[in-house]
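> Please work out how this folds:
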Amino acid sequence: MKGMGAALTAMQGAATDGEPLSIYYAFKQSELAEEGVTSAGWASFLQAVFNAGLLVDGTWPVRTELSNRMIAKDANALASSIVLVCRKRPTDAPVIARADFMRLLKRELPDAIDNIRKAGVGPVDMQQSVIGPGMGVFSRHAKVLEDDDSAMTVKTALALINRVWEEIENELDAAFDAETQVALAWYGSYGFDARASGELITLATAKNTSDRALFQSGVFENLSGRAALVARDKLPPGWTPAADKHLTVWECVQHTARVLNAPDGGGEEAAATLEREVTALRARHGDKPIIYTQFGADAIAGTHSEPSEMWIEDYQAQLIALYYETLRKHPYVVGRHPWAFADFKTPQSIIRVSGLNQKGVFTRDRRPKLAATRLRELWTKA
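Predicted coordinates for the structure are as follows:
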């Protein structure tokens with residue numbers, strides 16, 4: 001990165017105060033890297049940009065390559081690029097503390113994210129785009145000081161920007177594994193549809209993982225230039241969490257849903273699947289207490305059916321009760337927390353009826369659904 005740093009310093013020296021610089025950063029799917037493409041190289045490049053005296057005004061993901069093009073054997077396949085808009089950092093730029101940096105992020109990112117969405121950036125590209133305004137806050141200062149007065153690195157800044165973005169989105173839980181976070185973002189945009197592999201690489205990089213790890217985990221399938229979430233009808237029927245070497249939250253949920261809705265499955269078989277998952281967690285983590293959170297289902301208020309089906313109140317109530325009754329059998333499961341308290345507004349997408357997350361046991365105006373009544377019964381019995 002020394003040569004790149006020298007080039008960036010020369011660019012900064014030749015730039016004028018009133019004109020921006022555009023820099024293209026190309027992500028490559030390296031066959032030599034054990035973990036594939038991660039954000040390590042991206043963070044190192046941004047560190048070089050910052051060290052050269054440049055501030056970042058914006059970052060925009062760009063689809064630069066065809067997925068079906070010819071490449072040389074063993075060559076690195078260019079997947080996608082990021083356009084950085086940079087300016088010279090003033091020589092009198094201030095120094096701030098970590099706490100001030102976090103306050104600025106929380107104050108400025110909401111409006112910046114809204115503007116990015118209005119510009120037409122899709123969910124799969126949001127996290128890379130949010131780096132722009134986040135790095136703008138970081139790079140317009142000469143230094144951001146940690147609690148021990150050392151200078152914060154770009155890698156740390158990126159992690160903090162990502163954390164604040166997740167808090168703002170209120171959709172992706174930072175406690176989820178990276179593969180599950182990628183799956184949630186992908187599903188929110190495309191469901192189980194296939195898209196160019198470059199889109200997956202961009203999203204995986206933003207989540208500090210790789211397309212290779214996503215394929216190996218069994219969450220995504222490699223379709224030779226395209227990628228897609230593994231559909232439930234393609235999940236291995238004999239799967240057990242204990243035997244899974246790369247266990248993810250997404251897989252556990254998908255296998256439970258597969259069994260719950262299978263012709264030869266249903267509630268009893270789904271409960272048995274959950275039992276195996278809990279037992280595997282216990283075996284993996286020893287005598288640590290377990291809190292099981294964020295189980296539930298969307299339910300449109302006022303809808304009912306017999307037998308129950310997805311998207312109605314009866315299904316939501318039965319699924320939550322299934323989780324609750326199964327988990328209460330295990331004394332080491334010390335907490336159970338269904339998702340969510342009440343419906344809330346979200347951006348429009350193919351899985352958001354009326355632009356709402358309807359997993360609440362109460363409606364948005366706080367009217368109880370059937371699941372709220374069922375939970376009261378379960379808590380009273382407890």
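> Helix, strand or coil: sort out the nearest residue to Ser197 once chain neighbours are set aside for me.
In this structure, Ser197 finds its nearest non-sequential neighbour in Ala227, 4.9 Å apart by C-beta to C-beta, 6 or more residues apart in numbering. (Each C-beta comes from the backbone N, C-alpha and C, glycine too.) Following DSSP: H, G, I helix; E, B strand; the rest coil, we place Ala227 in the strand state.
> Near Ala227, how many other residues are there?
The local packing of Ala227 (other C-beta atoms under 10 Å) involves 25 other residues.
> beta partners of it?
Under DSSP bridges, the beta-bridge partners of Ala227 are Arg195, Asn222.
> ok, which stretches of the stretch 101-250 of the chain are strands?
For the stretch 101-250 of the chain, the strands defined by DSSP state E, counting those that start in this stretch cover 143-145, 195-196, 220-222, 226-229.
> Just read off the phi/psi values of Pro368.
Per-residue torsions, Pro368: phi -70, psi 140 (degrees, to the nearest 10).
> quick one: it and Leu375 touch, right?
No: assessed by C-beta atoms under 8 Å, Pro368 is found out of contact with Leu375, at 9.4 Å.
> Can you work out which residues contact both of these two?
Jointly contacting Pro368 and Leu375 under the rule C-beta atoms under 8 Å, 6 or more residues apart in numbering are Val361.
> So for these two, which sits in the more crowded spot?
Set Pro368 next to Leu375 and count neighbours by other C-beta under 10 Å: Leu375 wins out with 19 against 15.
> what sits against the more buried one?
320, 324, 338, 361.
> Got the phi and psi for it?
phi -60, psi -40.
> Would you check how far apart it and Ala301 are?
In this structure, Leu375 and Ala301 are 16 Å apart, going by C-beta to C-beta, to the nearest Å.
> Can you list the low-confidence ranges for this protein?
Within the chain, the segments meeting pLDDT under 70 span 1, 27-39, 63-80, 122-124, 169-175, 260-267, 349-351, 382.
> So which residue is dead centre in it?
Gln181 (3.1 Å; C-alpha atoms, centre = their mean).
> what would the contacts of Leu375 look like in a markdown table with secondary structure?
Compiled in a markdown table, the contacts of Leu375 are given as follows (three-state DSSP):
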| residue | secondary structure |
| --- | --- |
| Ile320 | helix |
| Tyr324 | helix |
| Pro338 | strand |
| Val361 | coil |
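> Tell me the one among those nearest to Lys88.
Comparing the contacts of Leu375 against Lys88 with C-beta to C-beta places Pro338 closest, at 51.6 Å.
> Please give the number of neighbouring residues around the closest one.
So Pro338, with other C-beta under 10 Å, has 22 neighbours.
> just Asp365 next, same as before
8.
> from what I can see, Tyr25 looks like it's in a strand, true?
Yes: counting by three-state DSSP, Tyr25 is located in a strand.
> if I read this right, it contacts Val62, doesn't it?
No: at 10.0 Å, Tyr25 does not count as touching Val62 under the criterion of C-beta under 8 Å.
> Need the overlap of contacts for these two.
Common neighbours of Tyr25 and Val62, using C-beta under 8 Å, 6+ apart, are 81-83.
> just checking, which of the residues you listed belong to strands?
Judged by DSSP state E, the subset of the shared contacts of Tyr25 and Val62 located in strands is 81-83.
> can I get those in JSON lines with neighbour count and distance to Gly41?
Listed next are these as JSON lines, based on neighbours: other C-beta atoms under 10 Å; distance: C-beta to C-beta, whole Å:
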{"residue": "Ser81", "neighbour count": "18", "distance to Gly41": "13"}
{"residue": "Ile82", "neighbour count": "24", "distance to Gly41": "11"}
{"residue": "Val83", "neighbour count": "15", "distance to Gly41": "17"}
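> of those, closest to Phe50?
Ile82 (15.2 Å).
> quick one: the residue nearest to Ala194 when sequence neighbours are not counted from Arg376, how far?
Closest residue to Ala194 apart from its sequence neighbours, by C-beta to C-beta, 6+ apart: Ala228 at 3.9 Å. Here Ala228 is placed at a distance of 40 Å from Arg376 (C-beta to C-beta).
> picking up where we left off before, quick one, which of the strands of the stretch 101-250 of the chain is nearest to Asp177?
Nearest to Asp177 among those is strand 220-222 (13.6 Å), distances taken as C-beta to C-beta.
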